[in-house]
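Student: any chance you could fold what I've pasted below:
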Amino acid sequence: MNIDLESPVRRQPPADIDPRRLAAQIRLEATRMVAPQGFGYLGQALSSAEQVAAVFADLDWNRDRFICSPGHYIIAPYAAAGALGLLTREQLDSYGKNGSPLEAIGTESSPIVDYTCGSLGQGLSAAAGFALADKLRGGHAGRVYALISDGELEEGQTWEAAIFAAHHGLDRLIVILDANDSQVDGPISSITTLEPMRQKWESFGWHVADIDGHDVDTVVAALHEADSERCKPSVLICRTSTVHGLDCLPEDADGHFIKLPPQLAAAAEAELTRTLETL
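Tutor: All right, here's what the predicted structure looks like:
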């Protein structure tokens, strides 16, 4: 994992991470990060919180890799890193500001993750490359986790990488697919027919789990099952919502790019703080 910054950071997260608590912390930290601008990619953290928390709780930080394919999802790994003490409060507060290393859309210099993309649809190719390189080196290779979005399934490169990974038997590659049915143009299902996603991935030679992406225990169990898979890469199709876990949002909130004026930001932080206190 890439956790280097110019400012000092702790090299290892705490032991025995509770993914349920971490998911709540991701939502809270992401809300605090977006609040100063009054808008941003909060919905991507709300939909992927359990997935990122489950992966971060299980990472071997010395050997495993984490790829965040959609650059605007970088807010979730940043929030998780802040909750785990890998980023400071000052660093989190710089998110999205000019000159900050924590850019709102990830770049090649983004900390915490090993790879992220500006152009969508490239992350799985990078992940497959990492996994193949590890396989060719031999030995006990680490796992390569790739967080991708369902919108990226509209990109042909994603499917080319899926064919490649299955052909080479990259069984240390685990894709976490955030299927939140959301993109900038509206619900994905109204723009491009992606279903049946499970059967498509299976036909490409992948081990597939089609799950509730907000049930953290289910996500954890699916990750463990994927880790035991041999010969095939694995994909977890995580069915999610871009407004999950934040009841104070208006019914017509645009989950792709949530507006968060000061009063709503305060209500959101208070709600998420209460949620965290119950865990």
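Student: could you pull out the helices in the stretch 151-279 of the chain for me?
Tutor: Per DSSP state H, counting those that start in this stretch, the stretch 151-279 of the chain carries helices over the ranges 156-167, 197-203, 216-228, 262-277.
Student: mind putting those in TSV, distance to residue 97 included?
Tutor: From N, CA and C alone the C-beta is placed, and that goes for glycine too. Putting the helices of the stretch 151-279 of the chain into TSV (distance: least, CB to CB, whole Å) gives the following:
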stretch	distance to residue 97
helix 156-167	31
helix 197-203	37
helix 216-228	31
helix 262-277	17
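Student: so which of the ones you listed is nearest residue 20?
Tutor: helix 216-228 (5.0 Å; CB to CB).
Student: what is the mean pLDDT for the closest one?
Tutor: Average pLDDT, helix 216-228: 97.
Student: which residues does it contact?
Tutor: Contacts to helix 216-228, defined as CB atoms under 8 Å, 6 or more residues apart in numbering, come from residues 19-20, 23, 50-51, 53-55, 57-58, 143, 174, 207, 209, 211-213, 234, 236, 238.
Student: kindly recompute the last result at 10 Å.
Tutor: Contacts to helix 216-228, defined as CB atoms under 10 Å, 6 or more residues apart in numbering, come from residues 18-24, 49-55, 57-58, 143, 145, 171-176, 206-213, 215, 232-238.
Student: from the residues you listed, which land in strands?
Tutor: Taking DSSP state E as the definition of strands, the contacts of helix 216-228 contribute 145, 173-176, 207-212, 234-238.
Student: quick one, which of those are buried?
Tutor: 145, 173-176, 207-211, 234-238 (16 or more other CB atoms under 10 Å).
Student: coming back round to it: closest to residue 88 out of the ones in strands among the contacts of helix 216-228?
Tutor: residue 145 (24.4 Å).
Student: that closest one touches residue 175, doesn't it?
Tutor: Yes: assessed by CB atoms under 10 Å, residue 145 is found in contact with residue 175 at 7.9 Å.
Student: shared neighbours of these two, anything?
Tutor: Contact criterion CB under 10 Å, 6+ apart; residues shared by residue 145 and residue 175: 67, 127, 226, 236.
Student: output the contacting helices and strands for the host helix or strand of the second one.
Tutor: Looking back up the chat, that one is residue 127. Using DSSP states H and E, residue 127 maps to helix 123-137. Other helices and strands packing on helix 123-137, by 3 or more CB pairs under 10 Å, 6 or more residues apart in numbering; DSSP states H and E, are strand 65-70, strand 115-117, strand 144-149, helix 156-167, strand 173-179.
Student: now that helix, how far from the centre of its chain.
Tutor: Remark: helix 123-137 is offset 18 Å from the chain centroid, using CA atoms, centre = their mean, to the nearest Å.
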